[in-house]
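A.B. asks: Next come a sequence and a model predicted from it.
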Amino acid sequence: MTSAVLDEALKKAALAWVSVGDGPALGLWCMPLEGSLIMVSGQGEQFAPGLAEATTATVRLRGDNGGLIVVSDMAVTRLLPGSEDWETVAPQLAQKRLNATGTFDDLVARWVESACAIVRLTPPEENAATAAPDLPTDSGAAPPRETPARVATRRPFRLHKVRGA
């Protein structure tokens, strides 16, 4: 049962929550390909610290209703530029990449120049995924992480005194 749920979730995945080690789960854009997930990270792409160097990662996938339906520990394989896998996967990933500038070939060349990592997340052969009813019951919510994107907000400027109602 779980294998069928995982297979179906992998086929429909466009976003996966991926955590490496004890790190926080990050929402990452992905492309399903032949029973695995392909992701790109690095300069100018999505931020996924430690994913390219990891051997395993915990992946959470959502269903059609937007809720968590399966959790699986997957093997991480980095695709190296010039390899056969890179030559077949990178152009497909470039075609799926939204809002990219330039042609698909330019995008793949930029990934090579900036040392971006393309990784393949592959589920284990054995049935090691967790699906309903064994999913965690807590919300998984965490306080917002510190980020340099945050700025202190000022109170709005008021020309005249505003009276309370």
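C.D. replies: Cool, the structure landed. Since we're looking at a predicted model, the values are computed, not measured. Residues are numbered from 1 along each chain as shown.
A.B. asks: Can you classify the most centrally placed residue in the chain by secondary structure?
C.D. replies: Centroid-nearest residue in the chain, with Cα atoms, centre = their mean: Leu28, separated by 1.8 Å. Here Leu28 is recorded as strand under DSSP: H, G, I helix; E, B strand; the rest coil.
A.B. asks: Tell me the pLDDT of it.
C.D. replies: We have a pLDDT of 91 for Leu28.
A.B. asks: Tell me who's in contact with it.
C.D. replies: Leu15, Ala16, Trp17, Val18, Met39, Ser41, Gln46, Ala48 (Cβ atoms under 8 Å, 6 or more residues apart in numbering). The C-beta positions use only the backbone N, C-alpha and C, and glycine is treated the same way.
A.B. asks: That one bridge partners, please.
C.D. replies: Taking DSSP bridges, one obtains Ala16 as the residues bridged to Leu28.
A.B. asks: gap between it and Ser41?
C.D. replies: Applying Cβ to Cβ, to the nearest Å, the value for Leu28 to Ser41 is 7 Å.
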